[in-house]
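J.: structure, please.
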Amino acid sequence: MTTVSPRTSASPTQAPAPAPANRIWNAARLNFVNKWTVCWIPLMILFFIWLVNLAIWWIISASVTGSDRQDALDGTQWSGASLYIFVYTLVIAVQAMNATFAYALGLSLSRREFYLGTSIALGLLSLCYGAALTGLSYLEQWTNGWGVGGHMFTSFYFGTGPVWERLFVFTAALLFFSFIGVLSGTVFMRWRTNGLLLTTALSIVLVVGALALVTLTQSWPRVGEWFVTSGPAGVVAWTLIPTVLAAVAGYGILSRATSRG
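T.: Modelled structure (predicted):
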């Protein structure tokens with residue numbers, strides 16, 4: 001009598017789980033789903049701001065002559081028109097924390113994977129924006145201020161150093177605003193409006209306290225000398241410290257935040 005062994009049914013083939021690196025990259029890609037909001041709209045607004053400034057520079061150039069004209073155009077070196085793009089990266093970072101976090105958890109991404117992926121996305125975005133601003137600064141320089149002597153991408157705050165220095169200044173400043181936005185977004189998720197208001201109030205108190213200390217100790221000449229001696233690259237390099245601190249604090253807060261989406 002032969003014994004027939006029972007046939008076991010084959011288990012369905014299961015797709016292997018994505019590698020951690022792939023999951024982090026997928027989290028980064030979530031931030032670029034709406035390319036209009038992240039890429040094209042900010043560049044279009046920046047282009048519109050440039051057009052408005054170009055019109056203002058042309059009016060100055062056409063209505064003032066001689067040394068007065070040159071003095072007026074030299075004053076555009078203090079223009080803050082291009083600062084818009086830095087504030088916009090802060091807004092993108094806040095939205096990434098508040099609008100994308102719940103969706104990422106729904107895709108079974110961990111908080112660590114989401115945070116690392118979002119940080120990579122913000123780093124890439126800052127580098128791309130920084131490269132674009134660097135190219136525009138050279139174009140502005142080569143055309144003598146777009147033909148009218150204006151300054152928007154070669155203002156005093158950014159300097160006119162070599163290409164690596166310009167790229168560093170723009171990118172590091174964009175990273176600073178990005179992770180301040182990340183920290184603000186995580187604070188809002190963890191403690192909502194009251195926490196964000198308290199954090200903002202404490203930040204204002206610290207800034208006012210620092211200004212008061214410099215004023216009372218009559219240290220403004222030394223502060224001004226430090227800015228001049230350090231130059232844009234040296235000053236921006238110091239922002240890497242609060243950038244790293246904001247990134248670490250943001251992750252610590254996010255790890256305890258609850259999605260309310």
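
J.: and residue 211, how many residues sit next to it?
T.: By other C-beta atoms under 10 Å, 12 other residues sit near residue 211. Yep, even glycine has a C-beta here, placed from its N, CA and C like the rest.

J.: by contact count, what packs against the host helix or strand of it?
T.: Using DSSP states H and E, residue 211 sits within helix 163-216. Applying 3 or more C-beta pairs under 8 Å, 6 or more residues apart in numbering; DSSP states H and E, one finds that helix 163-216 contacts helix 84-99, helix 111-142, helix 220-238, helix 240-254.

J.: verify the stated contact: residue 96 with residue 121.
T.: Yes - in this structure, residue 96 is within contact of residue 121 by C-beta atoms under 8 Å, at 7.3 Å.

J.: comparing the two, which residue is more hemmed in?
T.: Between residue 96 and residue 121, residue 96 has the larger neighbour count (other C-beta under 10 Å), namely 26 against 23.

J.: minimum distance to residue 177: which of the helices and strands packed on helix 163-216 has it?
T.: helix 84-99 (4.4 Å; C-beta to C-beta).

J.: ok, and what's touching that closest one?
T.: Applying C-beta atoms under 8 Å, 6 or more residues apart in numbering, the external contacts of helix 84-99 come out as 31, 37-38, 42, 45-46, 49, 118, 121-122, 125-126, 129, 133, 173-174, 177-182, 184-186, 188-189, 250, 254, 261.

J.: please work out the average pLDDT along that helix.
T.: Taken as a whole, helix 84-99 has an average pLDDT of 92.

J.: buried stuff in it?
T.: 85-86, 88-90, 92-98 (16 or more other C-beta atoms under 10 Å).

J.: turn those into a markdown table, columns for distance to residue 216.
T.: Shown next, in a markdown table, are the buried residues of helix 84-99 (distance: C-beta to C-beta, whole Å):
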| residue | distance to residue 216 |
| --- | --- |
| 85 | 36 |
| 86 | 31 |
| 88 | 36 |
| 89 | 35 |
| 90 | 31 |
| 92 | 38 |
| 93 | 35 |
| 94 | 35 |
| 95 | 40 |
| 96 | 40 |
| 97 | 38 |
| 98 | 40 |
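
J.: which of the residues you listed sits closest to residue 218?
T.: When the buried residues of helix 84-99 are compared against residue 218 (criterion: C-beta to C-beta), the nearest one is residue 86, at 31.4 Å.
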